[in-house]
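> The following block contains a protein sequence and its predicted model.
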Amino acid sequence: MNSSLLAVTGFGMVAVFMTLIMTRRLSAVVALILVPVLVAAFCGFGPAMGPMIVKGLVKLAPTAAVLLFAVFYFGVMIDAGLFRPLVDRVLAMVGGDPRKVALGTAAVAAMVSLDGDGATTAMVTITAFLPIYRQLGMNPLILAVLLGSSNAIINMVPWGGPLARLAAVLQVDPNAIFLPLIPVMAVGLLGVAALAWRLGDVERRRLGVQDLAPDVWRVDPAQAAVARPKLWWLNLGLTIAVLLAAILRLAPLPVVFMVGFAIALTLNYPRLDDQRARLAAHAPAVMGIVVLVFAAATFTGVLEGTGMVGEMGKAFLAVLPPSWGPHLAVVTAFASGPMTFFLSNDAFFFGIVPIIAEMGQAYGIAPEAIARASLLGQTVHVLSPLVAAIYLVAGLLEVDVGAMQRFGLKWAVALMTLMILAAVAFGAVPLSGNSSVAPTAEARAASVLARSAS
């Protein structure tokens, strides 16, 4: 199959998948498996399809392990009552005002996101706020949007995955990428606060301000039986240690949460029967999330194994009009959202951004500027069906992934646009390259494209 047909097939496969899940014709699990398998078989990749999928499974296995043990870990902490004081404190501050609840959601998600791990942010934020949303009758999709938006912006820090990948692939100083982004991130967080105010205000007009007692998590006898209030300080210390180990990269994330879970389970429930009961209680949530992650591995394995990802990126670069060359940084910023939505961060950062960065130098645009531009689509990226955390959030909130995407994409695009405008205004992303190199830029850019296609 030639490269053009591969690119068209790749875009078509993603479009079919998105249509099926957003129109609720198929569940995400079924669509993630059947769509790539059928497309690969139809295109003649049947004999090689098995190894492609296995490679995808191996690549996503660490992510699945992190999610599995993180869900079990925080599930045990919820049972033991670690987050009860936090919920009571939040309730005391926000009361029954949906607007304050939305603002509190954004603030807590931003603070927790400093650990650089989206799964942890989702677990902690949803654990704290979902009972409040349910008690007030608020739309849980608001929680998902504010959580994802705050996490996407804060995750641009140097120890976050996206910036670290870009610094490595472009061989530039992480601080050279990050420091000019600080005011842009600040504007983005103000945008999230404004969004929280807007969405919370809509809910406030719909539901009114309600009187809530500080016992949203009213403990029933079954919950009281598993609570461990006397171990609260030990559980808090263990959780801080686990998060610090994750932030400081003292061990791989799967190992951190595996060990943390084993200690937490033994500390709070030393009896074997109690341990089995806690595992059984959280197994449904864990199983749903892990199944979705491995189903996503089928999709990404076929996309990458067939070469569709690379050809999709080259097709994007090939259709850029020459007149857009001097504005390549801004073009990259606007393209980063859809590109990381339909591909993945790794595919975009490792396969396409280096080509764009080399083309940018032909127009006098520094690689650091291209790297910063490539990060600005993360609010859209977090809603991608190729991101494992979206299935974690959907599972915890008990909503459809398609419903989250339908509700959140417009706000994600709005936040991305706001940050791009801020990046241009603050000079983090140049509006235009160096005009003195323009006469030879097109020839140099064409050379880069020719080398990338070979």
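Looks like it arrived, so ask away.
> what's Leu383 sitting at in phi/psi?
Phi and psi for Leu383, reported as degrees, to the nearest 10, are phi -100, psi 0.
> And it, how far from Tyr391?
Between Leu383 and Tyr391 the computed distance is 12 Å (Cβ to Cβ, to the nearest Å). The way it works is simple: take the backbone N, C-alpha and C, and place the C-beta from them, glycine included.
> okay, the two: which has more neighbours?
For the pair Leu383 and Tyr391, the greater number of neighbours falls to Leu383 (26 against 23), based on other Cβ atoms under 10 Å.
> Hmm, Trp411 and the more buried one touching each other?
No - with contact taken as Cβ atoms under 8 Å, Leu383 and Trp411 are classed as non-touching, separated by 9.7 Å.
> If I look at Ser454, what pLDDT would I see?
The confidence metric pLDDT takes the value 49 at Ser454.
> One more: Ala264?
For Ala264, the pLDDT comes out at 94.
> how deep is the residue nearest to it when sequence neighbours are not counted tucked in, by neighbour count?
What sits nearest to Ala264 in space, not counting adjacent residues and going by Cβ to Cβ, 6 or more residues apart in numbering, is Val76, at 4.8 Å. Each residue near Val76 was counted by other Cβ under 10 Å, and the total is 26.
> I'd guessed Val76 sits against Ala262; true?
No - shown here, Val76 and Ala262 do not form a contact pair, counting by Cβ under 8 Å, at 10.2 Å.
> in the stretch 201-350 of the chain, which spans are helices?
Residue ranges of the helices in the stretch 201-350 of the chain, as given by DSSP state H, counting those that start in this stretch, are 221-226, 232-247, 253-268, 272-305, 308-318, 328-342, 345-346.
> which stretch among these comes nearest Ala7?
Minimum separation from Ala7 across these (Cβ to Cβ) falls at helix 308-318, 3.9 Å.
> Dump the C-alpha coordinates for the closest one into PDB.
Extracted as PDB, the C-alpha positions of helix 308-318 are listed here (Å, rounded to 0.1, in the frame of the first residue of the first chain):
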ATOM      1  CA  MET A 308      -0.100   4.800   9.200                       C
ATOM      2  CA  VAL A 309       1.100   7.200  12.000                       C
ATOM      3  CA  GLY A 310       4.200   8.300  10.100                       C
ATOM      4  CA  GLU A 311       2.300   8.700   6.800                       C
ATOM      5  CA  MET A 312      -0.400  10.700   8.600                       C
ATOM      6  CA  GLY A 313       2.200  13.100   9.900                       C
ATOM      7  CA  LYS A 314       3.900  13.500   6.600                       C
ATOM      8  CA  ALA A 315       0.600  14.100   4.900                       C
ATOM      9  CA  PHE A 316      -0.100  16.900   7.300                       C
ATOM     10  CA  LEU A 317       3.300  18.500   6.600                       C
ATOM     11  CA  ALA A 318       2.900  18.000   2.800                       C
END
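> which residues touch it?
Outside helix 308-318, the residues within contact range by Cβ atoms under 8 Å, 6 or more residues apart in numbering are 3-4, 6-11, 13, 302-303, 335, 339, 342-344, 347-348, 351-352, 355-356, 359, 449, 452-453.
> Give the ChimeraX command for selecting the buried subset of these.
Selection of the buried residues among these in ChimeraX, burial being defined by 16 or more other Cβ atoms under 10 Å:
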select :6,7,8,9,10,11,13,302,303,335,339,342,343,344,347,348,351,352,355,356,359,449,452
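> Filter the contacts of helix 308-318 down to just the ones in strands.
Residues of those located in strands (DSSP state E): none.
> shaky segments in the stretch 251-400 of the chain?
Across the stretch 251-400 of the chain, the stretches falling below the confidence threshold (pLDDT under 70) are 313, 316-317, 320, 346-347, 350-351.
> My understanding was that Gly148 contacts Leu397; is that so?
No - under the criterion of Cβ under 8 Å, Gly148 is not in contact with Leu397, lying 11.2 Å apart.
> When the two are compared, which one has more neighbours?
Set side by side, Gly148 and Leu397 give different neighbour counts by other Cβ under 10 Å, the larger being at Gly148 (29 against 19).
> closest to Lys55 out of the helices of the stretch 201-350 of the chain?
helix 272-305 (5.5 Å).
> Just the buried positions in the closest one, please.
By 16+ other Cβ under 10 Å, the buried positions in helix 272-305 come out as 278, 282, 285-286, 288-305.
> helices or strands up against it?
Under the contact criterion of 3 or more Cβ pairs under 8 Å, 6 or more residues apart in numbering; DSSP states H and E, helix 272-305 touches helix 3-22, helix 28-42, helix 46-80, helix 221-226, helix 253-268, helix 388-397.
> and it, how far from the chain's centre?
In terms of Cα atoms, centre = their mean, to the nearest Å, the gap separating the centre of helix 272-305 from the centre of its chain is 18 Å.
> Find the nearest non-adjacent residue to Leu409, please.
Leaving aside its sequence neighbours, Leu409 sits nearest to Leu383 (Cβ to Cβ, 6+ apart; 6.0 Å).
> So Val37 sits against Phe299, correct?
No - using Cβ under 8 Å, Val37 and Phe299 do not qualify as a contacting pair, with a distance of 9.4 Å.
> Could you tell me which residues make contact with the closest residue to His381 other than its chain neighbours?
Across the structure, with Cβ to Cβ, 6+ apart as the measure, the residue nearest His381 apart from its sequence neighbours is Thr340 (3.8 Å). Under the criterion of Cβ under 8 Å, 6+ apart, the contact partners of Thr340 comprise Phe348, Gly377, Gln378, Val380, His381, Ser384.
> What does the spatially most central residue of the chain show for phi and psi?
The central residue of the chain, meaning the one whose C-alpha is nearest the mean C-alpha position (Cα atoms, centre = their mean), is Val382 at 3.4 Å. Main-chain dihedrals, Val382, degrees, to the nearest 10: phi -70, psi -10.
> Report the contact partners of it.
When contacts are counted by Cβ under 8 Å, 6+ apart, Val382 touches Gly118, Gly148, Ser149, Asn151, Ala152, Ala389, Ile390, Ala412.
> could these go into CSV alongside secondary structure?
Listed next are the contacts of Val382 as CSV, based on DSSP: H, G, I helix; E, B strand; the rest coil:
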residue, secondary structure
Gly118, helix
Gly148, helix
Ser149, helix
Asn151, helix
Ala152, helix
Ala389, helix
Ile390, helix
Ala412, helix
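> Specify which member of those is nearest to Val71.
Lowest distance from Val71 to the contacts of Val382 (Cβ to Cβ) belongs to Ala389, with 11.6 Å.
> How much space separates that closest one from Leu415?
From Ala389 to Leu415 the distance is 17 Å (Cβ to Cβ).
> Those two: which has the busier surroundings?
Neighbour comparison, Ala389 and Leu415: the larger count goes to Leu415, with 26 against 23 (by other Cβ under 10 Å).
> hang on, the more buried one packs against Leu190?
No - proximity of Leu415 to Leu190 does not meet the contact threshold set by Cβ under 8 Å, at 10.3 Å.
> still on that earlier bit, go through the helices and strands packed on helix 272-305 and find the least confident stretch.
Taking each of these in turn, the lowest mean pLDDT turns up on helix 221-226, with a mean of 72.
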